[in-house]
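**Student:** Sequence and predicted structure below; questions after.
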Amino acid sequence: MKIAIVGSGFVGSATAFQLIMSGVAHEVILVDKDTARAEAEAVDISHAAPCAYDNRIRSGDYKDLGGSDVVIFTAGANQKPGQTRLDLLKINAQIFKEIIPQVMRYAPDAILLVASNPADIMAEITLQLSGLPKSRVICSGTVLDSFRFCTELAKFLGISTESVNAYVLGEHGDNEVLAWSEANIGIMNIYDFAAIIGKNFTNDVIAAIDDNVRNAAYKIIEGKRATFYGIAGALTKICHSIAMDSNAILPISSHHSTIEGARDICLAMPTIVNRSGIVKVLYPKLAEKEHIALQKCAQVIENYTQQIVTEL
């Protein structure tokens, strides 16, 4: 599989490294307006490739995107002190207005995978600008957030993360919804499993896990200025499902005409993903308070989406 990454900063380069070392991509192209940075990252990663697979990575221009199966977007500005979310949206929307036409010119058959923040709204912008069917525009959604949820549950219960099945839904942001009611350990509900091993999900435990999941990025950024390994893993997981045509169920974010009282937004829900992109969105039976939280989340996304889409 050939994968192009537009943006060679922390997230783009970490994702390129993970794709090469995992063998998911046989070829990776890094594209960035900072051509020296893209070239340096590609050369550095290529020196690690012999430790894993005989895969190729190089820097290039948009014309080198031809034949790409997936194009990942990590480019865009980061939110600065004093900037509102809408300010950031306006900046990144303008960047995408320049990027998307170039990508579509040279890689019209690719699946577009958006990770630039705020990711859910940027995915809707990508859909509008590209003119592609909604099945081929994917946002990384809450895959990373769900990884964090599973990690926290596994840590508390003292079991492998491989045995945890738990999802975060909604947006990749402050209004995300942890679906506690649908979380399972093997074939058992997490609460039943916890009771068997003598542990209890008290209000304090639930609040601590929620905080560690919801605010993980803030805590990481405070310590090291940026998050990139986790999202690189999430993007690689999505690309693996596409490459292997595996029909994996992942909480990616995609376009919904109507969902939870909102219209024409990208929102993360469990979704079957394979070589063609999005196959089917699944709608879990959530607890009432989770539905209420998801409705609030959807409304926030709709408000910001409407404001920015009208300016495209």
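**Tutor:** Good, I have the coordinates.

**Student:** Could you list the buried residues of the helix or strand that contains residue 264?
**Tutor:** Per DSSP states H and E: residue 264 is located in strand 262-268. Buried positions in strand 262-268, judged by neighbour count with 16 or more other CB atoms under 10 Å: 262, 264-268. To be clear about C-beta, it is placed using only N, CA and C from the backbone, and glycine gets the same treatment.

**Student:** Residue 73: which of those is nearest?
**Tutor:** Of all those, residue 73 sits closest to residue 266, with 13.2 Å by CB to CB.

**Student:** The closest one and residue 70, how far apart?
**Tutor:** In this view, residue 266 and residue 70 are 17 Å apart by CB to CB, to the nearest Å.

**Student:** repeat for residue 160
**Tutor:** According to CB to CB, residue 160 and residue 70 sit 29 Å apart.

**Student:** What of residue 302?
**Tutor:** Taking CB to CB, one finds residue 302 at 28 Å from residue 70.

**Student:** do residue 202 as well
**Tutor:** 43 Å.

**Student:** For these two, indicate the residue with more neighbours.
**Tutor:** Ranked by neighbour count (other CB atoms under 10 Å), residue 202 and residue 70 place residue 70 first, with 25 against 9.

**Student:** where does the more buried one land on pLDDT?
**Tutor:** The model reports residue 70 with a pLDDT of 98.

**Student:** Thought residue 109 was touching it, still the case?
**Tutor:** No. With contact defined as CB atoms under 8 Å, residue 70 does not reach residue 109; the gap is 10.6 Å.

**Student:** Now for these two: what residues contact both?
**Tutor:** Taking CB atoms under 8 Å, 6 or more residues apart in numbering as the contact rule, residue 70 and residue 109 touch no residue in common.

**Student:** got the contact list for stretch 139-149?
**Tutor:** Contacts for stretch 139-149 (CB under 8 Å, 6+ apart): 113-115, 119-120, 122-123, 166-172, 176, 178, 183, 209, 212-213, 216, 230-231, 233-235, 237-238, 250-254, 266, 268.

**Student:** do stretch 155-167 as well
**Tutor:** 142, 146, 149-151, 153-154, 178-180, 182-186, 190, 193-194, 197, 199, 205, 209, 251, 270, 284.

**Student:** hmm, try it at 7 Å
**Tutor:** Identification of contacts with stretch 155-167 by CB atoms under 7 Å, 6 or more residues apart in numbering yields 146, 149-151, 153-154, 179, 182-186, 193-194, 197, 199, 205, 209, 251, 270.

**Student:** Same check on stretch 199-206?
**Tutor:** Residues outside stretch 199-206 that contact it (CB under 7 Å, 6+ apart): 156-157, 191, 194.

**Student:** Can you mark which positions in it are buried?
**Tutor:** So for stretch 199-206, counting by 16+ other CB under 10 Å, buried means residue 201.

**Student:** Please compute how far it lies from its chain's middle.
**Tutor:** 28 Å (CA atoms, centre = their mean, to the nearest Å).

**Student:** can I get the CA coordinates of that stretch in PDB?
**Tutor:** In PDB, the C-alpha atoms belonging to stretch 199-206 read as follows (Å, rounded to 0.1, in the frame of the first residue of the first chain):
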ATOM      1  CA  LYS A 199     -12.900  -4.300  42.500                       C
ATOM      2  CA  ASN A 200     -15.500  -1.600  42.400                       C
ATOM      3  CA  PHE A 201     -16.100   1.300  40.000                       C
ATOM      4  CA  THR A 202     -16.800   3.900  42.600                       C
ATOM      5  CA  ASN A 203     -17.700   7.500  41.500                       C
ATOM      6  CA  ASP A 204     -14.100   8.500  42.300                       C
ATOM      7  CA  VAL A 205     -12.600   5.800  40.100                       C
ATOM      8  CA  ILE A 206     -15.000   6.600  37.200                       C
END
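
**Student:** show me where pLDDT drops low in the stretch 51-200 of the chain?
**Tutor:** 79-86 (pLDDT under 70).

**Student:** about what we covered before: ok, the buried residues of strand 262-268 vs residue 66, which is closest?
**Tutor:** Closest to residue 66, out of all of the buried residues of strand 262-268 and judged by CB to CB, is residue 266, at 27.0 Å.

**Student:** quick one: the closest one and residue 257 touch, right?
**Tutor:** No. With contact defined as CB atoms under 7 Å, residue 266 does not count as touching residue 257 (11.3 Å).
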